[in-house]
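Engineer: structure for the following, please:
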Amino acid sequence: MWLAFGLVHSPVSAQDVQGAHVSIELNAVQQVEGSCRVSFLVQNGYAIDIEQAVYEAVLFDVDGRVDRLTLFDFGALPSARPRVRQFIVPGLACGSLGRLLINGAETCTGTNLPEDACGKDLDLRSRTDVEVLG
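Structural biologist: Prediction:
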């Protein structure tokens, strides 16, 4: 007696991919003429390109006080490809930056991108003395 097993192929959506997320690493901070340049290494772990990702960030000084609230526009994030994004924060001494809180995604667009793709399971890291929270 022979048994036949058939495999049914069904398309997998980005929502079904376990572990798909965006990772943001604060890679460097550098003082530049009265401003602080912050450099991020960001990677889109989804199988779909993110057309635009904008994050609301809160910058805290070394004493834990809010210095400012700002938006970081990371632009397009292609699937599975690391990107470096740099932002100049005017009037900020890098040495006074103690923590950076990613408050959430202000904008997150992409064709067939899962809801809350830019915020769900966000992986945050820092290679600097500045703590990154989310």
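
Engineer: who is the residue lying closest to residue 134 once chain neighbours are set aside paired with across the strands?
Structural biologist: Distance criterion C-beta to C-beta, 6 or more residues apart in numbering; nearest residue to residue 134, sequence neighbours excluded, is residue 102 at 4.2 Å. C-betas here are computed from N, CA, C, even on glycine. Beta-bridge partners recorded for residue 102 (DSSP bridges): residue 57.

Engineer: quick check: the gap between residue 102 and residue 34.
Structural biologist: Taking C-beta to C-beta, to the nearest Å as the measure, residue 102 falls 25 Å from residue 34.

Engineer: which of these two has more neighbours?
Structural biologist: Taking neighbours as other C-beta atoms under 10 Å, residue 102 and residue 34 compare with residue 102 leading, 20 against 9.

Engineer: so that one touches residue 125, yeah?
Structural biologist: No: Residue 102 is not in contact with residue 125 according to C-beta atoms under 8 Å; the separation is 11.3 Å.

Engineer: which residues are common contacts for these two?
Structural biologist: 24, 132 (C-beta atoms under 8 Å, 6 or more residues apart in numbering).

Engineer: pull the contacting residues for residue 66.
Structural biologist: 58, 59, 60.

Engineer: given the helix or strand harbouring residue 27, what are its sheet partners and their directions?
Structural biologist: Using DSSP states H and E, residue 27 sits within strand 22-32. The strands that strand 22-32 pairs with in its sheet are strand 35-44 (antiparallel), strand 123-126 (parallel) (by DSSP bridges).

Engineer: now do the buried residues in it.
Structural biologist: Going by neighbour count (16 or more other C-beta atoms under 10 Å), the buried part of strand 22-32 is 22, 23, 24, 25, 26, 27, 28, 29.
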